[in-house]
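> sequence? don't have it. structure:
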């Protein structure tokens with residue numbers, strides 16, 4: 001401790017010897033609640049090595065991953081200091097499982113749709129974390145319904161397979177459309193980017209000005225997104241970016257050939273920017289139903305305030 005009486009100031013140098021950090025020993029999961037999950041699924045959320053140093057960041061990351069899964073309504077990660085031996089300490093993860101069923105309801109009004117409503121139901125159907133989701137939306141001019149079956153893969157934090165199917169109907173003063181679709185998508189983490197690869201089949205029966213026709217599409221898609229922030233729950237600095245690609249080809253059975261790209265980027269303190277590029281080659285039919293191929297290109301970009 002050094003005191004400077006001439007300037008009425010004091011300075012202190014504090015030397016600490018905390019010793020070596022404890023290493024992770026046994027990892028234990030203790031579940032409570034109506035529905036329990038397989039231990040193999042829970043251990044898939046663990047990203048650190050068995051001999052990793054026990055730090056607040058390590059326990060917070062594990063807690064964040066488990067909470068983000070949606071399987072639990074309470075997660076606590078704590079070292080069992082009373083059982084620390086030879087520089088290793090067991091970690092106890094206390095889990096309270098959430099209800100296997102979740103419901104969400106929505107209602108609103110739009111100038112183009114009138115009154116509208118929606119209902120969403122998700123149910124975890126087994127101990128391996130498989131989830132079935134059902135969504136329905138309805139309004140005077142349009143309605144839709146979709147079913148999704150999600151299978152967590154290893155590691156379940158960012159690796160999954162989703163099978164989906166749905167139908168939609170839309171009616172306006174001059175047109176009507178009925179559409180069904182089915183698809184499959186695979187999501188995983190690749191070099192820090194969340195990658196989604198999938199394929200969708202779509203059939204549409206539509207009528208415009210009393211002219212009825214059908215359309216069949218088979219289009220693969222790919223998407224990459226990444227978020228970097230200074231805090232997993234309450235970020236103040238960082239960035240988010242993504243790229244989505246979509247395309248179809250008449251040579252693969254689609255009625256229309258097109259390529260579509262969409263990129264976006266955002267920072268917490270900046271306006272998010274979105275860029276789009278589309279190239280469509282589709283039949284244009286005249287009054288004698290004589291069709292020709294026409295290529296249509298469109299591009300655009302915008303930056304707008306978050307939430308705008």
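It's in. Please read these numbers as outputs of a predicted model, since none were measured by experiment.

> list the helices and strands whichever strand or helix holds residue 64 packs on?
Assigned by DSSP states H and E, residue 64 falls within helix 56-68. The contact analysis (3 or more CB pairs under 8 Å, 6 or more residues apart in numbering; DSSP states H and E) places helix 56-68 against strand 72-79, strand 88-97. Yep, even glycine has a C-beta here, placed from its N, CA and C like the rest.

> Now do the longest one: everything it contacts.
Think strand 88-97. With contacts defined as CB atoms under 8 Å, 6 or more residues apart in numbering, strand 88-97 is touched by 22-37, 42, 54, 59, 62, 66, 71-81, 83-84.

> let's see 7 Å
Around strand 88-97, the neighbours that count as contacts under CB atoms under 7 Å, 6 or more residues apart in numbering are 22-37, 54, 66, 71-81, 83.

> If we go by neighbour counts, what in that strand is buried?
For strand 88-97, the neighbour count (16 or more other CB atoms under 10 Å) marks 89, 90, 91, 92, 93, 95, 97 as buried.

> cool, and the shortest one?
Along strand 72-79, the positions that meet the burial threshold by neighbour count (16+ other CB under 10 Å) are 72, 75, 77, 79.

> Disregarding flanking residues, what is the spatial nearest neighbour of the first one?
So the one you mean is residue 72. residue 95 (5.1 Å; CB to CB, 6 or more residues apart in numbering).

> Equivalent analysis for the second one, please.
By the measure of CB to CB, 6+ apart, the closest residue to residue 75 outside its immediate chain neighbours is residue 66, 4.6 Å from it.

> quick one, what contacts the one you found?
Taking CB under 7 Å, 6+ apart, one finds 45, 72, 75, 95 in contact with residue 66.

> okay, the residues you listed in TSV with pLDDT and distance to residue 186 next?
Conversion of the contacts of residue 66 to TSV gives the following (pLDDT from 0 to 100; distance: CB to CB, whole Å):
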residue	pLDDT	distance to residue 186
45	93	19
72	92	25
75	95	27
95	95	27
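
> can I get the residues you listed in a markdown table with distance to residue 103?
As requested, these are exported to a markdown table (distance: CB to CB, whole Å):
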| residue | distance to residue 103 |
| --- | --- |
| 45 | 25 |
| 72 | 18 |
| 75 | 22 |
| 95 | 22 |
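
> Nearest to residue 182 among the buried residues of strand 72-79?
residue 72 (31.4 Å; CB to CB).

> Report the beta-bridge partners for the closest one.
When assigned by DSSP bridges, residue 72 has beta-bridge partners residue 97.

> ok, back up a step: got the buried residues for the helix holding residue 64?
58, 59, 61, 62, 63, 64, 65, 66.

> got the angle between it and strand 72-79?
Compare the direction of helix 56-68 with that of strand 72-79 by axes from the mean of the first three to the mean of the last three CA atoms, to 10 degrees and you get 160 degrees.
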